[in-house]
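In: coords below, sequence missing:
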Ligand code: ADP
């Protein structure tokens, strides 16, 4: 880059591609980077995994001087410096682990202009010594990471952050840029004000994390539910959060007892134990950590594929933060919250010692979370609306509600009408408790005193528990059929509620505890595993682990999961095609290209899988759609059928519905001219079907099916027919 003229957007893109191997900006990255180039102060709010670090790292390379990053946690600083170094960028952090000699060498590198980014904790940044040093060098800009810590309205207030406002006075004209994942309007303005930012650019991204699939389940058999989730994610990294240490210990133990390596993490362990468990998790020597909420603060692991809450968190802010540790790499990840109303009581007890106002705020947060758990609206929409954003009408396809896996009562309309009628009969003058008691036919003193046992709606839901009816009332309020008014949350019917009474709309009400059935889960569109050779992916993971151990850095810094999946999808066997993989920049290509391409070539040869599955120009943008009859899934299915796998096995491996895979099999039989069905149907069944076809002819399958007393499946008949047709064709 020409150092005399200011950098442009093209320079930003070229730098991002050279060092990180990324070709496109994520939402708001371009705007955020441009404001750094222009020295215009900014406040950037992006969700976790949105790509905040690149917003200051890329322009730091495009501007003369050194960028100074204030960051609160030593481990995060180290992680960032490791990641930058792996991309071939000179960066350093100065903290208590750095020796005086190292500090002198870092200072020399900054003076010479070699080091482009330096990370410091706010306290150190503001020490006289550091400020004097920085005044003597060329500071390109300041970046304030986790900047919500500056605001007492934020959830992590740190008074030392407040002192940073002196930066504006000491370094006039140098841009200051604040970054955070969670900030309400109030926190945002507070950040700008506290830092003394001048006419800052406010860039606020969507808080939604579309790659996270949220599920909320009633806690029935806690361990069985956790085991089911963990087993579904075999060989993948995940975190199980618990409220109490004792739960951490017992769940970790139970998982180990069933052969799943899980490590506990809580404040009762020694520092060394905690450190070791965290490192084992980061280096992928263990897949599961069972922890209290203290875990995760200081790690940036990008490929956590699931987060389970074995108990309810204490607020939606905490839930967003803890669940947000999943899927930072943008690939699909699952967040399951196991909910029980007893958790509310546990938390209230634990928060009971807080001073009055703080307690009120804490209880308020708990209640918001309780509504989230029992609600039947899209989880994504509920979460972002809590943070003041609107996701519009479209279904998210990434939560249990929109995926249709929440168990709803069948007669929601009638149930809703019964509840609303009761609220009308009691004069819209009471809250949820009282109405629930009337509906359940309670002999409560007040119900009798008011004569509400005389109402036609008294005892209308006497088969149900008061708790179930209360939950339905909350759900009706959540769907705006009811409004809670005044100090006592008196229930009033809304306009939508009147429509419900007229039978024009149906509410979504969940089955009460214990009635829930496990419904098959619908699969999302946009499969992150599309075309990925799973076997190759797993073996690349081992190679990545080896390389990480050699270099002493976390595995995900070598390559993220999305790069690994792309490698296992496109199977590049040359350095040129390897460089085209997203996440492979010049340095990583140089450091790892040879080992990875050799590994891929060896694997593909041993497994009989094609290398360079897509032509290089297809990997590079602009992407072309693969022709339909050669979709990667179909190809994978064909390879597996050739190895003698059954429809069920193939469906599980390539993650497609059995019906789709059955279609693939028939196509395979036809294209490969296979005339013997016995790889997929027993010899005996094949003979019976052939005899029946002879008897009934082949105009339709139903007569054959009925002729055989419905003892074989349509799928088996179709396979035999496909093979018979090959015998008949010339
Ligand atoms: P945040 O700090 O907002 O949580 P990160 O900066 O850690 O997010 O970025 C999350 C992941 O996304 C990282 O693996 C990062 O390399 C990757 N990433 C960032 N920007 C891009 C981009 N433009 N294209 C592809 N991947 C990106």
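Out: Nice, I can see it. Bear in mind that the values here come from a model prediction, so they are computed numbers and not experimental data. Numbers count the residues shown, from 1 in each chain.
In: and residue 650, what is it in contact with?
Out: Residues in contact with residue 650 (C-beta atoms under 8 Å, 6 or more residues apart in numbering) are 637, 640, 641, 656, 661, 664, 665. Just so you know, the C-beta spots here come from the backbone N, C-alpha and C atoms, and that holds for glycine as well.
In: And for the residue nearest to the first one when sequence neighbours are not counted, the neighbour number?
Out: Using C-beta to C-beta, 6 or more residues apart in numbering and skipping residues adjacent in sequence, the residue nearest residue 637 is residue 664, 4.2 Å away. Number of residues near residue 664 (other C-beta atoms under 10 Å) recorded here: 23.
In: Looks like residue 664 contacts residue 636 (just checking).
Out: No: using C-beta atoms under 8 Å as the test, residue 664 is too far from residue 636 to be in contact (9.3 Å).
In: Highest neighbour count among the contacts of residue 650?
Out: Within those, most neighbours by other C-beta under 10 Å means residue 661, with 28 neighbours.
In: OK, contacts around that one?
Out: Shown in contact with residue 661 (C-beta under 8 Å, 6+ apart): 637, 647, 650, 651, 654.
In: Go through those residues and say which is closest to residue 267.
Out: Residue 267 lies nearest to residue 654 out of the contacts of residue 661, by C-beta to C-beta, at 43.6 Å.
In: residue contacts, the closest one?
Out: Residue 654 sits next to 529, 633, 636, 637, 640, 661 when contact means C-beta under 8 Å, 6+ apart.
In: In helices, which of these fall?
Out: 633, 636, 637, 640, 661 (DSSP state H).
In: picking up where we left off before, now render the contacts of residue 654 as CSV, adding pLDDT.
Out: Shown next, in CSV, are the contacts of residue 654 (pLDDT from 0 to 100):
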residue, pLDDT
529, 77
633, 76
636, 83
637, 84
640, 84
661, 82
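In: okay, the ones in helices among the contacts of residue 654 in a markdown table with distance to residue 135 next?
Out: Output for the ones in helices among the contacts of residue 654, formatted as a markdown table (distance: C-beta to C-beta, whole Å):
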| residue | distance to residue 135 |
| --- | --- |
| 633 | 60 |
| 636 | 60 |
| 637 | 65 |
| 640 | 65 |
| 661 | 67 |
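In: Could you list which of those residues also contact the ligand?
Out: Among the ones in helices among the contacts of residue 654, not one lies near the ligand by C-beta under 6 Å from any ligand atom.
In: Find the residue at the geometric middle of this protein.
Out: In the chain, the residue lying closest to the centroid (C-alpha atoms, centre = their mean) is residue 212, at 3.1 Å.
In: now it, which residues is it bridged with?
Out: Here residue 212 sits in beta bridges with residue 333, going by DSSP bridges.
In: switch to numbering from 3
Out: Okay, using 3 as the starting number, the last item reads as residue 214.
In: per-residue confidence at it?
Out: On pLDDT, residue 214 comes in at 94.
In: likewise residue 730?
Out: Note for residue 730: predicted pLDDT of 65.
In: ok, how many other residues are close to residue 351?
Out: Residue 351 has 9 neighbouring residues, counting by other C-beta under 10 Å.
In: ok so, going back, widest-spaced pair of the contacts of residue 652?
Out: Taking C-beta to C-beta as the measure, these span a maximum distance of 12.9 Å, between 643 and 658.
In: what's the overlap in contacts for these two?
Out: Shared contacts of residue 643 and residue 658 (C-beta under 8 Å, 6+ apart): 652, 666.
In: residues from the stretch 553-702 of the chain in reach of the ligand?
Out: Residues of the stretch 553-702 of the chain lying near the ligand (C-beta under 6 Å from any ligand atom): residue 562.
In: Closest residue of the stretch 553-702 of the chain to the ligand?
Out: Here the stretch 553-702 of the chain gets closest to the ligand at one residue, residue 562, 4.8 Å apart by C-beta to the nearest ligand atom.
In: Excluding chain neighbours, what is closest to that residue?
Out: residue 331 (4.7 Å).
In: again with residue 505
Out: residue 415 (6.3 Å).
In: Show the contacting residues for that neighbour.
Out: 502, 505, 508, 509 are the contacts of residue 415 under C-beta under 8 Å, 6+ apart.
In: Can I get those residues in TSV including pLDDT and distance to residue 470?
Out: Output for the contacts of residue 415, formatted as TSV (pLDDT from 0 to 100; distance: C-beta to C-beta, whole Å):
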residue	pLDDT	distance to residue 470
502	94	19
505	92	23
508	90	18
509	91	14
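In: Between those residues, which sits nearest residue 695?
Out: Distance to residue 695 across those (C-beta to C-beta) is lowest for residue 508, with 46.8 Å.
In: Find the least confident helix or strand in this structure, judged by mean pLDDT.
Out: Sorting the helices and strands of the chain by mean pLDDT, DSSP states H and E puts helix 618-621 at the bottom, at a mean of 36.
In: Looking at strand pairing, list the partners for residue 95.
Out: Beta-bridge partners for residue 95, by DSSP bridges, are residue 121.
In: which residues does it contact?
Out: Residues counted as contacts of residue 95 (C-beta under 8 Å, 6+ apart) are 73, 76, 79, 80, 82, 83, 120, 121, 122.
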